[in-house]
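Visitor: one predicted model, sequence on top.
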Amino acid sequence: MKSGGSVNNKTTYQGYQNELPVIQALGDTSDVTSFVYVGSPDGLNIIIDGETGPDWSYGLEATNFSRFENIEIKNTGGTAIRGVSDVELINLNVHHNGWRADQLVDCGRSCHGLYAQDNLLIDGGRYHHNSGYGIHCYRSCHDTIIRNLRADHNRGSGIIVAFDSGVEVYNVVADNNSNGVWFAADGAIGYNITAYNNSNIDIYVSDFSNQTLENSIGLPNGIIAISGTTTSNDISGGSASSYFVDADNANFQLISTSTANNVGADLSLLHY
């Protein structure tokens, strides 16, 4: 893939007219691509499929100052997206990575939908059915925004934010993961989160300083927030039928009699 010249002079890669090209993931690479725009603002335009790639292959790796929009990334032997900085990831469908049937090694929980670096905008889309976390915002993941998306049915947490600073998570749905959303980073901010039916904890805020959780729902397993976390207007535990229209079928719209009105994700802003 050829780099562009600058942030305002990106090299663009799109499917041709109504075609939907499939790019086969090839595996590890040390090449760093900068200043590219891949995808289309008008809908799904490119598929990156790692089905025939080697074990521990990646779908998208080592790029910066780029934008990826309306792309499906699936079936990679390893993590779907890693090593990206100063990048916008818009309305991506990232799924079934690390689960490949012919995988010769057990990926366990170390293969994620996204292993995030720094200065990212992760806006819209769905991160689901991945072997590890849906979105893993770990060391060196700072000054990143995660919003308007769904993280579901991942073997690890839907979203984890750990160690670094300047991360905001808002207007997301995290359901049917091991844990829903896990905060463990100085100054992390979470609000308008709907977390449902995660097997351990729906929302967890652990022992780091100056963290905030507001206007969020975690049920049936609830919200755990350490002392010192700034919390307000959060709903922890309870019956799904008392809050949602049909949570088991991913309809997280609040019923008219719910005591959680104006809490949780604004579904009209989600894109998945």
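Guide: That came through fine.
Visitor: D234 touches G222, doesn't it?
Guide: No. Look at D234 against G222 with CB atoms under 8 Å: they stay out of range, at 9.7 Å. C-betas here are computed from N, CA, C, even on glycine.
Visitor: got any residues that touch both of the two?
Guide: Taking CB atoms under 8 Å, 6 or more residues apart in numbering as the contact rule, D234 and G222 both touch I203.
Visitor: and the two? Which one has more around it.
Guide: A count of neighbours by other CB atoms under 10 Å puts D234 above the other of D234 and G222, at 21 against 18.
Visitor: quick check: nearest residue in space to that one, chain neighbours excluded?
Guide: Of all residues not flanking D234 in the chain, S216 sits nearest, at 5.0 Å (CB to CB, 6 or more residues apart in numbering).
Visitor: again, but for I224
Guide: Leaving aside its chain neighbours, I224 sits nearest to Y204 (5.0 Å; criterion: CB to CB, 6+ apart).
Visitor: which secondary structure element of the protein has the lowest mean pLDDT?
Guide: Ranked by mean pLDDT, DSSP states H and E, the weakest helix or strand in the chain is strand 22-24, scoring a mean of 86.
Visitor: which elements pack onto that strand?
Guide: In terms of contacts (3 or more CB pairs under 8 Å, 6 or more residues apart in numbering; DSSP states H and E), strand 22-24 is packed against strand 46-49.
Visitor: show me where pLDDT drops low in the stretch 101-250 of the chain?
Guide: 101-106, 108-109 (pLDDT under 70).
Visitor: if you set the cut-off to 80 instead, what comes out?
Guide: The stretch 101-250 of the chain contains residues with pLDDT under 80 at 101-109, 164-165, 207.
Visitor: thought G222 was touching G237, still the case?
Guide: Yes. In this structure, G237 is within contact of G222 by CB under 8 Å, at 4.1 Å.
Visitor: now do the spatially most central residue of the chain against V22, distance only.
Guide: Taking CA atoms, centre = their mean, the centroid of the chain lies closest to I135, which sits 4.0 Å from it. Relative to V22, I135 is positioned 24 Å away (CB to CB, to the nearest Å).
Visitor: residue ranges for the strands of the stretch 51-200 of the chain, please.
Guide: Ranges of strands within the stretch 51-200 of the chain are 60-69, 71-74, 81-95, 114-116, 120-128, 135-137, 144-152, 159-163, 167-175, 181-185, 189-196, based on DSSP state E, counting those that start in this stretch.
Visitor: packing partners of the second one?
Guide: Packing partners of strand 71-74 (3+ CB pairs under 8 Å, 6+ apart): strand 46-49, strand 81-95.
Visitor: which helices and strands sit right next to the first one?
Guide: Right, strand 46-49. Applying 3+ CB pairs under 8 Å, 6+ apart, one finds that strand 46-49 contacts strand 22-24, strand 71-74.
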